[in-house]
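1. structure here, sequence nowhere to be found:
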């Protein structure tokens with residue numbers, strides 16, 4: 001079933017998964033937080049093209065997305081066997097990479113908090 005997204009002018013976002021007959025179910029309904037009318041948001045996800053290249057992450061030539069994922073899985077298994085610590089290497093999309101990259105205007109705490117919110121790091125046990 002498709003997922004439909006809606007947002008109000010104040011950027012409060014809502015989504016639901018339903019039949020195509022219900023695609024405009026929330027259109028014009030008031031936002032639960034600010035009472036502004038909701039509008040439909042259209043988003044598209046295009047798969048990344050991976051051309052043949054040498055990957056520094058795997059240390060070998062990658063011939064496509066499927067090959068890259070299998071090489072990352074092999075590298076994860078090798079790192080787990082070598083260190084005894086579970087590893088799970090996964091490719092990142094450009095938007096995930098940009099969000100996880102340090103913001104030059106943000107300090108270390110803000111960067112860490114962003115990466116924790118994305119699930120890329122464990123929360124710090126120390127109080128900063």
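-> On my side now, so go ahead. Small disclaimer: the values here were computed from a predicted structure and weren't measured.
2. where exactly do the helices run in the chain?
-> With DSSP state H as the criterion, the chain has helices at 65-83, 94-100, 108-117.
3. mind checking which of these is nearest residue 38?
-> The stretch from those with the least distance to residue 38 (C-beta to C-beta) is helix 94-100; that distance is 23.8 Å. All C-beta spots, glycine's among them, are computed from the backbone N, C-alpha and C.
4. helices or strands up against that closest one?
-> helix 108-117 (3 or more C-beta pairs under 8 Å, 6 or more residues apart in numbering; DSSP states H and E).
5. where in the chain is pLDDT low?
-> Counting by pLDDT under 70, the chain shows low-confidence ranges at 1, 43-48, 99-105, 126-128.
6. got the contact list for the spatially most central residue of it?
-> When C-alpha atoms, centre = their mean is applied to the chain, the residue found nearest the centroid is residue 96 (4.9 Å). Contacts were defined as C-beta atoms under 8 Å, 6 or more residues apart in numbering; by that measure residue 96 touches residue 118.
7. for residue 4, see how far away residue 52 is.
-> Look at residue 52 and residue 4: by C-beta to C-beta, to the nearest Å, they are 38 Å apart.
8. equivalent analysis for residue 42, please.
-> Summarising the geometry, the distance separating residue 42 from residue 4, computed by C-beta to C-beta, is 10 Å.
9. which one of the two has more residues nearby?
-> The residue with more neighbours, out of residue 42 and residue 4, is residue 4; 20 against 6, by other C-beta atoms under 10 Å.
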